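Visitor: No sequence on hand, only this structure:
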């Protein structure tokens, strides 16, 4: 377990040193935050920093660092490298800069930022894609827990789906401090405690396989590490979905200096959770083939239950399944809230009036209910690629901002170019897209990295104003 502790230590050091470096590049000022400038009692509400950290962590985490890390563990211990270094140099940078950019622009959503830095035409495309993604994620994270609860209680899925959507309606409509601010810090602590408890049990067992770290691809079907690992493990390394969530806490911070623990720090916490679950996946099963067979037999949620029951007993399994349900639901409701904020920013509608907020909430929930009634399994397969493509897009957005502001844009340029390569390689490789095979996909990904990197260096001085 020395490798696991070393990985966690590197993440913490990354927060202390690289996080401080990124913060200095951004430049903290004494300018009052949006929460203090114009609190509206709904979305702009000053919040204690510890609550903001835990809420941000839960909003960006959900089931991502659990399910994604378990699926990534099928490739073997090499997946830990992506979690550690992806989190420090890509994911946390992405979250911090996008969160602080929102804070800089009055807590506005990603839609507003896209319009400001990429033009009005781009925002229409972005609005459609972002809202569709948020509604899709929200619908799936309503249907999944409803199915789990129905299975364990021998009741109707439709009943539980209705109950969950009623909760979504309430959480989306009410001021952020009523439900989210009150209960989500507790849910976040539950996720952290349960994850730490599970991995701590491994320290009492002899796990020789995990000590033999290597860079080999252990996937039974020999699926390529690049780009699949970088798409499979999104939350816990880098996820574009986070940029849709950060504006919620950007509207609640009371000082700019809290941006690093809230945005960068919450991502580091998520990276630790991803390390824990990747470690559990690698250690609990005999080999990658056994882990893959378990995923196919009982799905990823069933693997979580098997690990929890095996390490903590029957009661532990029940508690873990309850945690999975809670995590899914708390991811879903923040999706719908983010969709409401995005539409409000797009339409330039104030949200302190209940009537306007109610209309937007009903429209958004109607879309979520419709999506939950159809088969979205095929669409969901596109989500992993889109999530990382959105991360790439957001990194280019903050790179443009840093360049215009005459700040060190290299910290976001490198991960932006890398994620451009990941996204293009996935399109070239995956059967749902071009299905060109491994070698062409690798060359396309590498070429895209260099072209986008050099293209920005040569094009930016001519097309981007630095005034």
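Guide: Arrived safely, thanks for sending. Remember, predicted model here, so these are calculated numbers, not experimental data.
Visitor: Run through this protein and note the low-pLDDT ranges.
Guide: Scanning the chain for pLDDT under 70 picks out 1, 206-212, 375-381, 466-467.
Visitor: can you point me to the longest helix in it?
Guide: Counting by DSSP state H, the longest helix found in the chain is helix 288-347.
Visitor: quick one, the helix or strand following it and helix 288-347 angle?
Guide: The helix or strand immediately downstream of helix 288-347 is helix 354-372, counting by DSSP states H and E. Computed by axes from the mean of the first three to the mean of the last three Cα atoms, to 10 degrees, the angle separating helix 354-372 from helix 288-347 equals 150 degrees.
Visitor: neighbouring contacts of helix 354-372?
Guide: Helix 354-372 is touched from outside by 42, 131, 135-136, 138-140, 142-143, 161, 165, 168-169, 172-173, 336, 339-340, 343-344, 349-351, with contacts defined as Cβ atoms under 8 Å, 6 or more residues apart in numbering. Using the backbone N, CA and C atoms, a C-beta is placed for each residue, glycine as well.
Visitor: ok, residue 259 - how many residues close by?
Guide: Neighbour count for residue 259, taken as other Cβ atoms under 10 Å: 27.
Visitor: what about it, helix or strand, and which?
Guide: Here residue 259 is assigned to helix 259, by DSSP H and E.
Visitor: coming back round to it: let's see the PyMOL selection covering just the buried ones among the contacts of helix 354-372.
Guide: Command for PyMOL, covering only those of those found buried under the criterion 16 or more other Cβ atoms under 10 Å:
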select buried, resi 42+131+135+136+138+139+140+142+143+161+165+168+169+172+173+336+339+340+343+344+351
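Visitor: burial of the closest residue in space to residue 284 that isn't next to it in sequence, as a residue count?
Guide: Nearest non-adjacent residue to residue 284, counting by Cβ to Cβ, 6 or more residues apart in numbering: residue 307, 4.9 Å away. As a burial measure, residue 307 scores 23 neighbours (other Cβ under 10 Å).
Visitor: Residue 171 contacts residue 177, correct?
Guide: No - using Cβ atoms under 8 Å as the test, residue 171 is too far from residue 177 to be in contact (11.8 Å).
Visitor: what about stretch 399-408, distance to the chain center?
Guide: Offset of stretch 399-408 from its chain centre (Cα atoms, centre = their mean, to the nearest Å): 24 Å.
Visitor: end to end, how far does that stretch reach?
Guide: Its start and end residues considered, stretch 399-408 measures 9 Å (Cα to Cα, to the nearest Å).
Visitor: Which residues are in contact with the residue nearest to residue 284?
Guide: Neighbouring residues of residue 307 by Cβ under 8 Å, 6+ apart: 198, 280, 281, 284, 320.
Visitor: Quick check: ChimeraX command selecting the buried ones in these.
Guide: Entered in ChimeraX, the line below selects the buried ones among the contacts of residue 307, by 16+ other Cβ under 10 Å:
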select :198,280,281,284,320
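Visitor: out of the contacts of residue 307, which are inside strands?
Guide: The strands, defined by DSSP state E, take in nothing from the contacts of residue 307.
Visitor: centre of the chain versus the helix holding residue 259, how much separation?
Guide: Per Cα atoms, centre = their mean, the displacement of helix 259 from the mean C-alpha position of its chain is 17 Å.
Visitor: can you check stretch 188-200 too?
Guide: With Cα atoms, centre = their mean, you get 19 Å for stretch 188-200.
Visitor: got it, and stretch 86-96?
Guide: Distance of stretch 86-96 from the chain centroid (Cα atoms, centre = their mean) equals 11 Å.
Visitor: How far does it stretch from one end to the other?
Guide: Taking Cα to Cα, stretch 86-96 runs 14 Å from one end to the other.
Visitor: circling back: show me what the helix holding residue 259 is packed against.
Guide: Helix 259 sits against helix 92-104, with contacts defined as 3 or more Cβ pairs under 8 Å, 6 or more residues apart in numbering; DSSP states H and E.
Visitor: Mind doing that once more with 10 Å?
Guide: If contacts are counted by 3 or more Cβ pairs under 10 Å, 6 or more residues apart in numbering; DSSP states H and E, helix 259 sits against helix 92-104, helix 242-250.
Visitor: quick one on the thing from earlier: separation between the residue nearest to residue 284 and residue 324?
Guide: Residue 307 sits 12 Å away from residue 324, going by Cβ to Cβ, to the nearest Å.
Visitor: residue contacts, the closest residue to residue 244 other than its chain neighbours?
Guide: Among residues not flanking residue 244 along the chain, residue 338 sits closest, at 4.7 Å (Cβ to Cβ, 6+ apart). Residues in contact with residue 338 (Cβ atoms under 10 Å, 6 or more residues apart in numbering) are 59, 109-110, 130-131, 133-134, 137-138, 172, 241, 243-248, 364.
Visitor: could you redo the last one with a cut-off of 7 Å?
Guide: 134, 244, 245, 248 (Cβ atoms under 7 Å, 6 or more residues apart in numbering).
Visitor: circling back to that earlier point, can you name the residues in contact with the helix holding residue 259?
Guide: Contact with helix 259 is made by 96, 99, 100, 103, 253, as judged by Cβ under 7 Å, 6+ apart.
Visitor: Quick check: chain neighbours aside, which residue is closest to residue 233?
Guide: Leaving aside its sequence neighbours, residue 233 sits nearest to residue 72 (Cβ to Cβ, 6+ apart; 4.0 Å).
Visitor: actually residue 161, sorry about that
Guide: Distances taken as Cβ to Cβ, 6+ apart place residue 146 nearest to residue 161, at 4.2 Å, with adjacent residues excluded.
Visitor: these two touch, right, the one you found and residue 156?
Guide: No - the pair residue 146 / residue 156 is not scored as a contact, 9.1 Å apart, by Cβ atoms under 7 Å.
Visitor: which one of the two has more residues nearby?
Guide: Using other Cβ under 10 Å as the criterion, residue 146 and residue 156 rank with residue 146 on top: 25 against 11.
Visitor: Check which element follows the helix or strand harbouring residue 111 along the chain.
Guide: Here residue 111 sits within helix 110-118, counting by DSSP H and E. Using DSSP H and E, the helix or strand that follows helix 110-118 in sequence is helix 120-153.
Visitor: quick one: buried residues of that following helix?
Guide: The neighbour-count check on helix 120-153 (16+ other Cβ under 10 Å) flags 123, 126-127, 130-131, 133-146, 148-150 as buried.
Visitor: what's the answer for stretch 193-210, then?
Guide: For stretch 193-210, the neighbour count (16+ other Cβ under 10 Å) marks 194, 195, 197, 198, 199, 202, 210 as buried.
Visitor: Perfect, that will be all.
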